[in-house]
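Asks: sequence-free structure coming up:
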C-alpha cells in the first residue's frame with residue numbers, strides 16, 4: 001500500500017512539474033544588488049516570466065562556511081509586481097539571513113519563481129484550474145549578476161535606469177546618460193560589409209566609419225593580431241557578417257607557437273533601416289539600444305589558459321582578456337573625436353569635434369558566459385589612449401581602439417580551456433542640427449549665412465549714419481542759437 005501511495009505521489013508530482021513547465025517556461029537573466037541582511041530590500045529580477053501568474057519569489061543562499069548542505073531561501077513576497085511585458089519582477093525581502101557566517105550577493109545560487117500550477121480541465125479544453133502554488137526553477141542559469149540601480153546623472157530624466165547601471169533612453173535621446181538629443185528621421189543607411197571580410201561600415205549623414213575586431217589581448221602581456229591567423233567559414237550579406245578564426249594555425253598554414261587563443265567565432269547582425277528606430281535587444285537581461293543604423297556583435301573566443309602564465313590557469317582575481325576593436329573614419333582622423341563614458345564603463349559615446357554633428361555609441365552587456373554558464377563577474381569597456389597603443393601591434397594612428405575587457409571566470413580552479421560569449425551593440429546617430437545641414441545644398445547654406453550677415457552690416461551702417469546725422473543736426477542748431485544770442489547783444 002505504501003509503495004502504491006508513493007508511486008501515485010511521484011506520478012502526481014511529475015504530472016504537475018510537466019504541466020507547469022509546458023505551460024510556462026521562465027528564465028532569470030539578472031538579479032539586482034540586494035543585501036540578505038536588510039529586511040524589505042528591493043529586489044529587481046530581469047528575465048522572462050509568466051505574465052500575471054507570479055505569486056512569490058524565493059532567492060536561495062548557499063553559505064559554504066556552514067559546512068552543511070543547508071540552503072537559505074529568502075522570500076521576496078512583499079510589494080510583488082510584474083511589468084506588462086513579463087520581463088521585470090520587483091519585490092521586497094520579507095525575511096533575512098540570520099546565520100552565524102557572512103553571506104553576500106555572490107552566495108546566491110538559485111531563484112525560484114512561484115506560480116499557480118495549471119491543470120488541464122476534464123474536457124481537455126484550453127481552460128485550466130489552479131490547484132496550488134509551486135516553484136518553477138530557473139532554467140540554464142547557475143550564477144547571477146548583481147547590479148545596482150544608480151545610473152549616471154539620473155539619465156537626465158530622458159530614460160529609465162536599468163540593469164548594470166545602464167540608462168534605457170527614451171525615443172529621441174542617446175548616449176550613456178541619455179543627454180544627447182538625436183534625430184534619425186533621415187533614415188540613416190544600414191551598416192554594410194566592406195571589401196574586407198572582417199570589416200563593416202556605418203554612416204551618419206556626414207561621416208562614414210569602419211569597424212573591425214583587430215586584436216585579442218591577455219592582460220597587456222600577451223597579444224594576438226587576428227589578421228595573422230587562419231580564417232574559416234567567412235560569410236557576409238546585407239544582414240551582417242561572420243567568420244571563424246583557427247588560433248592554432250597562422251595565415252600561412254603553419255602551427256602557432258602559443259595557441260592560447262584556440263578559436264574565435266565572430267558574428268555581426270545589422271539592424272536594417274526598415275526596422276523601427278529607438279528599440280532595444282535584451283541580452284541576459286541587459287538592454288542594448290538599436291537605432292536605425294545599428295550593429296549587434298557577438299564574440300565567442302575559445303581560450304586556453306594553459307599556454308599563459310599561472311595567473312590565467314589558476315584564478316587569482318586579476319587576469320583579464322581584451323577584445324580590441326579598431327574604429328576608423330573615412331573623412332577624418334578619429335583623434336578629433338571626444339569621448340564620454342560612465343564610471344562603470346558599459347557604454348562609450350564618441351562625438352565628432354569637426355562640427356559634423358555625428359555620434360557613435362558603443363553599448364555592452366556586462367553579463368557574459370563561460371561555456372554557456374553565466375559568469376559572476378562583470379565585463380566592461382576600455383577606450384585605449386596613446387600610451388596603450390604600444391601594446392597593439394601594427395596600430396593605425398588615425399584610428400581609435402576600444403576594447404571589451406572580460407575578467408576571467410572564477411567558477412573553476414584550475415581554469416580549463418573554454419568559450420566565452422560576449423555581446424555588444426554599436427549605434428551611430430545624427431544629432432539634431434546635422435539633419436538640417438545634410439539636407440541643404442552648399443550654395444543655399446552659403447546664402448543663408450551670407451544674407452543675414454549683409455543685412456546686419458547694412459543695419460549697422462544705417463544706424464551709424466543716423467547717429468552722425470543727428471549729431472550734425474544738433475551741432476547746427478547749437479551754432480545757430482549761439483550766433484543769435486551774440487546778435488542780440
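Replies: Received it, and whenever you're ready, just let me know what you need. Given the structure is predicted, the values throughout are model-derived calculations rather than measurements.

Asks: Compute the number of surrounding residues for residue 87.
Replies: Neighbouring residues of residue 87 were enumerated by other C-beta atoms under 10 Å; the total is 17. All C-beta spots, glycine's among them, are computed from the backbone N, C-alpha and C.

Asks: Return the residues in contact with it.
Replies: Residue 87 makes contact with 46-49, 282 under the criterion C-beta atoms under 8 Å, 6 or more residues apart in numbering.

Asks: How about residue 351?
Replies: By C-beta under 8 Å, 6+ apart, the contact set of residue 351 is 180, 337-340, 358-359.

Asks: And the residues you listed, which is closest to residue 407?
Replies: The closest of the contacts of residue 351 to residue 407 turns out to be residue 339 (C-beta to C-beta; 22.3 Å).

Asks: my guess is the closest one meets residue 350, correct?
Replies: Yes: using C-beta atoms under 8 Å, residue 339 is in contact with residue 350, at 5.4 Å.

Asks: what about these two, which has more around it?
Replies: It is residue 350, of residue 339 and residue 350, that has more neighbours when counted by other C-beta under 10 Å, with 23 against 14.

Asks: ok so, going back, out of the contacts of residue 87, what pair is the most spread apart?
Replies: Using C-beta to C-beta, the contacts of residue 87 span at most 12.9 Å, a distance reached by 49 and 282.

Asks: more neighbours, those two?
Replies: residue 49 (25 against 16).

Asks: Residue 289 looks like it's in a strand, true?
Replies: Yes: assigned with DSSP: H, G, I helix; E, B strand; the rest coil, residue 289 falls within a strand.

Asks: could you measure the nearest residue in space to residue 388 that is not next to it in sequence against residue 180, distance?
Replies: Once flanking residues are discounted, residue 388 sits nearest to residue 401: 7.3 Å by C-beta to C-beta, 6 or more residues apart in numbering. Distance from residue 401 to residue 180, counting by C-beta to C-beta, to the nearest Å: 23 Å.

Asks: how about the residue nearest to residue 388, what does it touch?
Replies: Applying C-beta under 8 Å, 6+ apart, the residues contacting residue 401 are 214, 324-327, 383-384, 388-389, 392, 395.

Asks: again, but for residue 345
Replies: Counting by C-beta under 8 Å, 6+ apart, residue 345 has contacts 364, 380-383.

Asks: need the residues you listed in CSV with secondary structure, can you?
Replies: CSV is the format used below for the contacts of residue 345 (three-state DSSP):
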residue, secondary structure
364, strand
380, strand
381, strand
382, strand
383, strand
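
Asks: which residues of the stretch 151-300 of the chain score low on pLDDT?
Replies: Along the stretch 151-300 of the chain, the parts satisfying pLDDT under 70 run over 162-165, 184-186, 273-276, 285.

Asks: can you pull out the strands in it?
Replies: 159-162, 166-169, 173-174, 180-181, 192-193, 199-203, 208-218, 222-225, 229-237, 240-250, 261-271, 279-283, 286-290, 294-303 (DSSP state E, counting those that start in this stretch).

Asks: would you list those in a markdown table and tack on distance to residue 426?
Replies: Below are the strands of the stretch 151-300 of the chain laid out as a markdown table (distance: least, C-beta to C-beta, whole Å):
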| stretch | distance to residue 426 |
| --- | --- |
| strand 159-162 | 19 |
| strand 166-169 | 15 |
| strand 173-174 | 12 |
| strand 180-181 | 16 |
| strand 192-193 | 14 |
| strand 199-203 | 7 |
| strand 208-218 | 6 |
| strand 222-225 | 21 |
| strand 229-237 | 17 |
| strand 240-250 | 12 |
| strand 261-271 | 9 |
| strand 279-283 | 12 |
| strand 286-290 | 10 |
| strand 294-303 | 5 |
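
Asks: among those, which is nearest residue 456?
Replies: Evaluated with C-beta to C-beta, the strands of the stretch 151-300 of the chain place strand 180-181 nearest to residue 456, the distance being 28.5 Å.

Asks: And for residue 416, the neighbour number?
Replies: Residue 416: 13 neighbours (other C-beta under 10 Å).

Asks: where's it relative to residue 263, distance?
Replies: The gap separating residue 416 from residue 263 is 14 Å, by C-beta to C-beta.

Asks: quick one: buried residues of stretch 256-271?
Replies: By 16 or more other C-beta atoms under 10 Å, the buried positions in stretch 256-271 come out as 256, 259-271.

Asks: let me fix that: stretch 311-320
Replies: Across stretch 311-320, burial judged by 16+ other C-beta under 10 Å covers 311-313, 315, 319-320.

Asks: What average pLDDT does stretch 313-329 get?
Replies: For stretch 313-329, mean pLDDT rounds to 89.

Asks: From the opening residue of it to its closing one, how far?
Replies: End-to-end distance of stretch 313-329: 39 Å, with C-alpha to C-alpha, to the nearest Å as the criterion.

Asks: for the residue lying closest to residue 263 once chain neighbours are set aside, which residues make a bridge with it?
Replies: Using C-beta to C-beta, 6+ apart and skipping the chain neighbours, the partner closest in space to residue 263 is residue 302 (4.2 Å). Counting by DSSP bridges, residue 302 forms beta bridges with residue 263, residue 419.

Asks: I figured residue 302 was touching residue 259, is that so?
Replies: No: taking C-beta under 8 Å as the definition, residue 302 is not a contact partner of residue 259, at 10.0 Å.

Asks: tell me, what's touching those two both at once?
Replies: residue 247.

Asks: Nearest to residue 210 among the buried residues of stretch 256-271?
Replies: Using C-beta to C-beta, residue 268 comes nearest to residue 210 of those, at 12.6 Å.

Asks: what's the spacing between the closest residue to residue 161 other than its chain neighbours and residue 314?
Replies: Leaving aside its sequence neighbours, residue 161 sits nearest to residue 151 (C-beta to C-beta, 6+ apart; 3.7 Å). Distance, residue 151 to residue 314, using C-beta to C-beta: 36 Å.

Asks: And for residue 459?
Replies: With C-beta to C-beta as the criterion, residue 459 and residue 314 are 78 Å apart.

Asks: What of residue 173?
Replies: To residue 314, residue 173 is 45 Å away according to C-beta to C-beta.

Asks: try residue 355
Replies: Following C-beta to C-beta, the distance that separates residue 355 from residue 314 is 52 Å.

Asks: quick one: low-confidence ranges for the stretch 1-150 of the chain?
Replies: Low-confidence segments of the stretch 1-150 of the chain, defined by pLDDT under 70: 1-30, 32-36, 50-56, 58-73, 86, 99-150.

Asks: which residues of the stretch 351-489 of the chain fall in helices?
Replies: Ranges of helices in the stretch 351-489 of the chain, per DSSP state H, counting those that start in this stretch, are 432-439, 442-488.

Asks: picking up where we left off before, tell me the one among the contacts of residue 401 nearest to residue 201.
Replies: Nearest to residue 201, judged by C-beta to C-beta, of the contacts of residue 401 is residue 327 at 10.8 Å.

Asks: thinking again about what came up before, neighbour-wise, which of the contacts of residue 401 leads?
Replies: Using other C-beta under 10 Å as the neighbour criterion, residue 324 leads the contacts of residue 401 with 25 neighbours.

Asks: quick one: contacts for it?
Replies: 213-217, 384, 392, 401-403.
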